[in-house]
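# give the three-dimensional model of this entry:
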Amino acid sequence: MEGISKDILTQQRQRLRLFIKRWMLPISMLTGAATYLIYAQIPLPNQCRHMVGTAVSVVQPLLIFAMLFVTLCKVDLHQLRPRRWHLPALLLQVLLFVAFALVHTLTANAEIRIVLEAAMLCLICPTATAAAVVTQKLGGNAAALTAYVMLINLITALLVPITVPLLQIGEETMHFGSAFLQILIKVFPLLIGPLLAAMLVRKFCPRFRQAVTARRDLAFHIWAVALALAIAMTVRSLVNSDVPFTVLASIALVSLLACALQFWMGRLIGHRHGSTVAASQALGQKNTVLAIWMGFTFFTPVTSLAGGFYSIWHNVYNAFQLHRHEKLQTEN
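Residues are numbered from 1 along each chain as shown. Below is the predicted model of the structure:
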């Protein structure tokens, strides 16, 4: 009888693990949203809230660094080279951004300009470093994706400082050099740092690298924590927003359309070059933390909400993809 009860308990644990594994992203997103809503209702002194905000600003980049480091420990660094699908994907992002910028120059209506800026932000925003984790989880080429991440960050750092002053949005007095350096300082430590760390560990600490790579889902679990944190920050931004509903709804819609378009175009481009998963993630999954920052820094501040909405859309889609992938693997 005792043996039977142990077997039943073991089966229940296995089912629970499988359930959590399949639904990790929705669980993470709901946890992040619920955590902020509960936290907002707790009567804390301003000093405590400031300390929490400071802790989040430190933990978030550390999680991003750790995610990319673990992923790069697993991939062959010699594979970090340009691929054929990189060029059409980069051109798509650049040309769409420029097209919306041109329409922006011809528009006088303030609300329409805000929606156009939100679209521009969603289109030019670089790929998230977490995209390498999702790509690897879905069976795609993480090295090709990581190479694209570095390329699109460099292009964004060049294109945004050139375009924004011409459109007379954001800080009009900001020059190209200062804007370029601001973006580089913001993103490149979290790209080059993990790469250098992975190279050093590969050469001087092979046992440590082996221990890291042996934990197959380590990067994915780190991402789950980072996602909960990002969703919590997104909910905070939306809850505390005093933007008119019509503008809020317009930004939400344009970010949804931009997300759907880029995932779809990424799949089309990737399918032609035998890299459907990597190209789809490269165009569709965005560094929404950077998008929010760029909205505040270079565009009309309200457009930063586009990054918050986009964070919801691309994570919902990826949760669906990962659930479907896990289900297919289990059935096979």
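# same question for the helix or strand harbouring residue 221, mean pLDDT?
Using DSSP states H and E, residue 221 sits in helix 218-239. Here helix 218-239 scores 84 as its mean pLDDT.
# then stretch 260-275?
Rounded mean pLDDT across stretch 260-275 is 95.
# check stretch 45-56 too.
88.
# list of residues touching that stretch?
With contact meaning C-beta atoms under 8 Å, 6 or more residues apart in numbering, stretch 45-56 is reached by 39, 44, 229, 233. (C-beta placed from N, C-alpha, C; glycine too.)
# give the contact list for residue 176.
161-162, 165.
# got the residues you listed as TSV, with neighbour count and pLDDT columns?
Putting the contacts of residue 176 into TSV (neighbours: other C-beta atoms under 10 Å; pLDDT from 0 to 100) gives the following:
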residue	neighbour count	pLDDT
161	20	86
162	11	85
165	18	78
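# can I get those residues in a markdown table with distance to residue 62 and secondary structure?
Written out in a markdown table, the entries for the contacts of residue 176 read as follows (distance: C-beta to C-beta, whole Å; DSSP: H, G, I helix; E, B strand; the rest coil):
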| residue | distance to residue 62 | secondary structure |
| --- | --- | --- |
| 161 | 27 | helix |
| 162 | 32 | helix |
| 165 | 33 | helix |
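# what about burial for the contacts of stretch 45-56, which qualify?
229, 233 (16 or more other C-beta atoms under 10 Å).
# closest to residue 179 among the contacts of stretch 45-56?
residue 233 (23.5 Å; C-beta to C-beta).
# tell me the spacing between the nearest residue to residue 227 once chain neighbours are set aside and residue 145.
Spatial nearest neighbour of residue 227, chain neighbours left out: residue 28 (4.6 Å); criterion: C-beta to C-beta, 6 or more residues apart in numbering. Relative to residue 145, residue 28 is positioned 21 Å away (C-beta to C-beta, to the nearest Å).
# so between the two, which is more surrounded?
Each of residue 28 and residue 145 has its neighbours counted (other C-beta atoms under 10 Å); residue 145 has more, 29 against 22.
# looking at stretch 95-106 now, give me its mean pLDDT.
Computed over stretch 95-106, the mean pLDDT rounds to 93.
# these two touch, right, the residue nearest to residue 227 and residue 221?
No: counting by C-beta atoms under 8 Å, residue 221 is not a contact partner of residue 28; they are 9.7 Å apart.
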